[in-house]
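Engineer: coordinates for the following, if possible.
(2 chains)
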There are 2 protein chains.
Amino acid sequence: MKETASGTPALCTRFHQASELIGRRWTGAIIFVLLQKTCRFATLRDAIPDITDRMLSERLQELEQEGLVERVVVPDTPVRVQYSLTKKGKALAEPINSLANWAEKYVPLQETKSKNRKR
Amino acid sequence: MKETASGTPALCTRFHQASELIGRRWTGAIIFVLLQKTCRFATLRDAIPDITDRMLSERLQELEQEGLVERVVVPDTPVRVQYSLTKKGKALAEPINSLANWAEKYVPLQETKSKNRKR
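Structural biologist: Down below sits the predicted model:
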């Protein structure tokens, strides 16, 4: 951590960008699930409480654009579309697991909390 | 990671709550800065690009309510108000540093990106 001449702590720009990206609503959850296995859209949707098709679709597109998620079309009949993490996405395993450990220790279980989230 | 009977990966509820909390816009940045040192309001504001007084104030209140940040009034003349992390907040050093390492490796520097963020 660097300080500026005035003594104001400097915020790492790359960290700020990463936390704003990963912190987008649902994004952490999507990556958490994809770290476990490659998923079809419906599987992801079922794994994440309260997410709508539209939000999931939008988040997956963002994650593809950021190079974190790969969309693979499996030429089956009917074709199957699967989502998996890229190398860059898989590299999030450490921060994600570290946050999960923190949560295990410090976050009380309150099932309905996220529903009241303000934006 | 557990799977449900249907093969749908299970999302850890505590992790989901943690990522929705820490992921709120600016929150990661605030914690990142407070991990370096106890700060006054103005110092925090100066350290975080684009944050408004109102947003910083709202986020600090949320973080106080969640038990991550402590507001300390120093009985000086004039009184000084300082913000620091609690034990629970300081325990975020590991996930935050881990994400910072990831960002250092994978996030290109794009100064203006966060300004265009959609909500």
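
Engineer: residues near the nearest residue in space to A:K37 that is not next to it in sequence, how many?
Structural biologist: Excluding the flanking residues, the one nearest A:K37 by CB to CB, 6 or more residues apart in numbering or on different chains is B:P9, at 5.9 Å. Heads up, the C-betas are built off the backbone N, CA and C, glycines and all. By the measure other CB atoms under 10 Å in any protein chain shown, the count of residues near B:P9 is 20.

Engineer: now for A:V81, how many residues are close by?
Structural biologist: For A:V81, using other CB under 10 Å, the count is 12.

Engineer: buried stuff in the helix or strand encompassing it?
Structural biologist: A:V81 is located in strand A:80-85, with elements delineated by DSSP states H and E. By neighbour count on 16 or more other CB atoms under 10 Å in any protein chain shown, the buried set for strand A:80-85 is A:Q82, A:Y83, A:L85.

Engineer: who are the packing partners of it?
Structural biologist: When contacts are defined as 3 or more CB pairs under 8 Å, 6 or more residues apart in numbering or on different chains; DSSP states H and E, strand A:80-85 packs onto helix A:27-36, strand A:39-40, helix A:41-47, strand A:69-74.

Engineer: right, so of these, which gets closest to chain B?
Structural biologist: Of all the helices and strands packed on strand A:80-85, it is helix A:27-36 that lies closest to chain B, at 3.1 Å by CB to the nearest CB.

Engineer: what about the closest one and chain B, touching?
Structural biologist: Yes. For helix A:27-36, a contact with chain B is found by CB under 8 Å from any CB of the partner chain, at A:T27, A:G28, A:A29, A:F32, A:V33, A:L35, A:Q36.

Engineer: and these as JSON lines, adding neighbour count and distance to B:A42?
Structural biologist: Formatted as JSON lines, these follow (neighbours: other CB atoms under 10 Å in any protein chain shown; distance: CB to CB, whole Å):
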{"residue": "A:T27", "neighbour count": "21", "distance to B:A42": "31"}
{"residue": "A:G28", "neighbour count": "24", "distance to B:A42": "31"}
{"residue": "A:A29", "neighbour count": "25", "distance to B:A42": "35"}
{"residue": "A:F32", "neighbour count": "25", "distance to B:A42": "36"}
{"residue": "A:V33", "neighbour count": "23", "distance to B:A42": "41"}
{"residue": "A:L35", "neighbour count": "18", "distance to B:A42": "39"}
{"residue": "A:Q36", "neighbour count": "14", "distance to B:A42": "44"}
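
Engineer: counting by contacts, list what the lowest-mean-pLDDT helix or strand in chain A packs against.
Structural biologist: Every helix and strand in chain A was compared by mean pLDDT, DSSP states H and E; the lowest is helix A:13-22, with a mean of 88. Other elements packing on helix A:13-22 under the criterion 3+ CB pairs under 8 Å, 6+ apart are helix A:27-36, helix B:27-36, helix B:93-106.
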